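Trainee: could you work out the structure for the sequence below:
(chains A and B)
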Amino acid sequence: DVKVTQSSRYLVKRTGEKVFLECVQDMDHENMFWYRQDPGLGLRLIYFSYDVKMKEKGDIPEGYSVSREKKERFSLILESASTNQTSMYLCASSTSPGDYTFGSGTRLTVV
Amino acid sequence: KNQVEQSPQSLIILEGKNCTLQCNYTVSPFSNLRWYKQDTGRGPVSLTIMTFSENTKSNGRYTATLDADTKQSSLHITASQLSDSASYICVVSHGAGNNRKLIWGLGTSLAVNP
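Mentor: Just a heads-up that it's a prediction; the model follows:
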């Protein structure tokens, strides 16, 4: 069974901390994505990557960075966490646009 | 402006009943439309994909329709079960190649009660 695995289901971090959200896929997909999901706002694209060491900004990249050193792993980094980054973070991978396999999500709370 | 609007925002039905969820879009150029199911606290899971030439597609008790002329899609759930309680999200893909983008709806929250 193909999988996208996010390292943490729940995280609580303090304001100003550096936060790493890890995502690993076992489907050999080229494309990987990070979204955040908030009530009333839906899914919003933060960053995506079409290949190793490649990254592109999505619609809301401010306050975030990413790393893709290996094909199967795509990391989202919050350089200095703030309370407005409290959200559900979803990682996805795909071979074709829109045909996403999502992870189970990480619910991040910044206090 | 490219938009995807879903209705109703939320819906409560009794187990065993049918329901229909709507998705209207103003996205151009259209590539495809997908319906996702998202259980509470989990990531979305793809139910079906509709391309321009397809009018109807079924996946078990889920049937999606697409009217490309009116830019409307619906997701019909037959003989609902408690496990159908979830958020259903419509997403439209537009553009081509490296310019392809996804426009996500806000979802319909469905509650199936016993």
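Trainee: OK, contacts around residue 52?
Mentor: Since no chain was named, I'll use chain A. A:68, A:69, A:70, A:71 (CB atoms under 8 Å, 6 or more residues apart in numbering or on different chains). Where C-beta positions appear, they are placed from N, C-alpha and C, glycine not excepted.
Trainee: looking at chain B here, not the other one
Mentor: B:30, B:31, B:32, B:68.
Trainee: quick check: residue B:19 touching residue B:74?
Mentor: No: assessed by CB atoms under 8 Å, residue B:19 is found out of contact with residue B:74, at 10.2 Å.
Trainee: so for stretch B:7-23, what's the average pLDDT?
Mentor: Mean pLDDT, computed over stretch B:7-23, is 98.
Trainee: could you check the pLDDT of residue A:97?
Mentor: For residue A:97, pLDDT reads 69.
Trainee: of the contacts of residue B:52, which is the most crowded?
Mentor: Highest neighbour count within the contacts of residue B:52: residue B:32, with 20 neighbours (other CB atoms under 10 Å in any protein chain shown).
Trainee: before we move on, the earlier item: just put the contacts of residue A:52 in JSON lines and tack on distance to residue B:63, pLDDT and secondary structure.
Mentor: What follows is these, written out as JSON lines (distance: CB to CB, whole Å; pLDDT from 0 to 100; DSSP: H, G, I helix; E, B strand; the rest coil):
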{"residue": "A:68", "distance to residue B:63": "38", "pLDDT": "96", "secondary structure": "strand"}
{"residue": "A:69", "distance to residue B:63": "43", "pLDDT": "95", "secondary structure": "strand"}
{"residue": "A:70", "distance to residue B:63": "40", "pLDDT": "95", "secondary structure": "strand"}
{"residue": "A:71", "distance to residue B:63": "37", "pLDDT": "95", "secondary structure": "coil"}
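Trainee: is chain B contacted by stretch A:66-80?
Mentor: No: Stretch A:66-80 stays clear of chain B (CB under 8 Å from any CB of the partner chain), getting no nearer than 14.3 Å.
Trainee: for that stretch, the distance to its chain's centre please.
Mentor: Relative to the chain's own centre, stretch A:66-80 is displaced by 8 Å; criterion: CA atoms, centre = their mean, to the nearest Å.
Trainee: buried residues, it. List them.
Mentor: A:66, A:67, A:68, A:71, A:72, A:74, A:75, A:76, A:78 (16 or more other CB atoms under 10 Å in any protein chain shown).
Trainee: any idea how far apart the tips of it sit?
Mentor: One end of stretch A:66-80 sits 14 Å from the other (CA to CA, to the nearest Å).
Trainee: also stretch B:19-36?
Mentor: End-to-end for stretch B:19-36, by CA to CA: 16 Å.
Trainee: surely residue B:51 is in contact with residue B:32?
Mentor: Yes: in this structure residue B:51 lies within contact range of residue B:32 using CB under 8 Å: 5.0 Å.
Trainee: any idea how far the residue positioned nearest the centre of chain A is from chain B?
Mentor: Residue closest to the average C-alpha location in chain A (CA atoms, centre = their mean): residue A:34, at 3.1 Å. Distance of residue A:34 to chain B, given as CB to the nearest CB, to the nearest Å: 12 Å.
Trainee: how about that residue, what does it touch?
Mentor: So residue A:34 contacts A:21, A:23, A:45-48, A:58, A:64, A:66, A:74, A:76, A:89-91 (CB under 8 Å, 6+ apart).
Trainee: and of these, the nearest to residue B:103?
Mentor: Proximity of the contacts of residue A:34 to residue B:103 (CB to CB) peaks at residue A:45, which lies at 10.5 Å.
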